[in-house]
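K.L.:
Quick one, structure for this:
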Amino acid sequence: MNYQELIEPVVALAIDGGDRILEVYATDFDVQSKADESPLTQADLASNETIVAGLKSLTPDIPIISEEDGLPSFAERSQWKRYWLIDPLDGTKEFVNRNGEFTVNIALIEDHRPLLGVVHVPVHNKTYIGCEGFGAELRDADGSSRRIHVSGAASTPVRVVGSRSHRSASLDAYLENLGDYDLVSMGSSLKFCVIAEGGADIYPRLGLTSEWDTAAAQAVVEQAGGSVVELDGKALSYNAKEDILNPWFFVIGAADRDWLALLPDGE
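P.N.:
Numbers count the residues shown, from 1 in each chain. Prediction:
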């Protein structure tokens, strides 16, 4: 499969999904709660409808997993060589809070790895792209595009990104071992994207996420020269177990420090 041929249609779908989100964002929208108490809005559902329909038309033979649809059984999906993994609105809490820090995430997974990822930022009309054989690119609202790459060396103080809505005691303990640092909190997969374009050095995610939260942005980071690793140093992988939850992980831009060695004892 030529993944690069999919870039433009997938970018178009992500932008379409983002436009559906912005239509709701401009209204006095209602917020529901899902079974896990996380928020759900009409924007999530509208974006999901647009993207799923578009992917089914684009690649009818490739199955789709979306946060807003039911998760197929592992017995079924473990047989898949490749599939689409999408989060039609990542950062619904940020959407509800109207701070603009939410994204549309579309990833193509093959053999447990995200080989194509598109992250669209609707409020700023920016799109991050990562694709094997293509590299990583940022397209700005003015129509310009530029290649992006992670930082070659850690800054002083270290530039850390963290979750705006899910800060943990484990992160605080890690930061105590880090030395001099600046922490910037933000929502959604934007944290990965800041790493990918060299704007931060490290993102320690010492808390729960789901695979659809990370896949598209992981492709962007990896194609920009960074890595997304579990605490044992192995690359974060997909569709390899029954549940959809990720283990704790690090998004590493600057690779000149052993970030995992700074984990507190017992982590």
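K.L.:
Every contact and neighbour count from this point should use C-alpha atoms.
P.N.:
OK.
K.L.:
Confirm for me that Gly187 is in contact with Glu94.
P.N.:
Yes - applying CA atoms under 8 Å as the test, Gly187 and Glu94 come out as touching, 6.4 Å apart.
K.L.:
Common neighbours of these two, please.
P.N.:
Residues touching both Gly187 and Glu94 (CA atoms under 8 Å, 6 or more residues apart in numbering) are 101-102.
K.L.:
check contacts around Ile244.
P.N.:
Here Ile244 is in contact with 210-211 (criterion: CA under 8 Å, 6+ apart).
K.L.:
Quickly note the distance from it to Lys191.
P.N.:
20 Å (CA to CA, to the nearest Å).
K.L.:
Please apply the same query to Val96.
P.N.:
From Val96 to Lys191 the distance is 18 Å (CA to CA).
K.L.:
Next: Ile148.
P.N.:
15 Å.
K.L.:
Then Asn2?
P.N.:
Taking CA to CA, one finds Asn2 at 28 Å from Lys191.
K.L.:
Between Gly187 and Glu94, tell me which one has more neighbours.
P.N.:
Gly187 (23 against 18; other CA atoms under 10 Å).
K.L.:
show me what contacts that one?
P.N.:
Counting by CA under 8 Å, 6+ apart, Gly187 has contacts 91, 94, 101-102, 163-165.
K.L.:
let's see 10 Å
P.N.:
Counting by CA atoms under 10 Å, 6 or more residues apart in numbering, Gly187 makes contact with 90-95, 99-103, 161-166.
K.L.:
do Asp243 as well
P.N.:
Taking CA under 10 Å, 6+ apart, one finds 71, 73-74, 210-211 in contact with Asp243.
K.L.:
Is it in a helix, a strand, or coil?
P.N.:
Following DSSP: H, G, I helix; E, B strand; the rest coil, we place Asp243 in the coil state.
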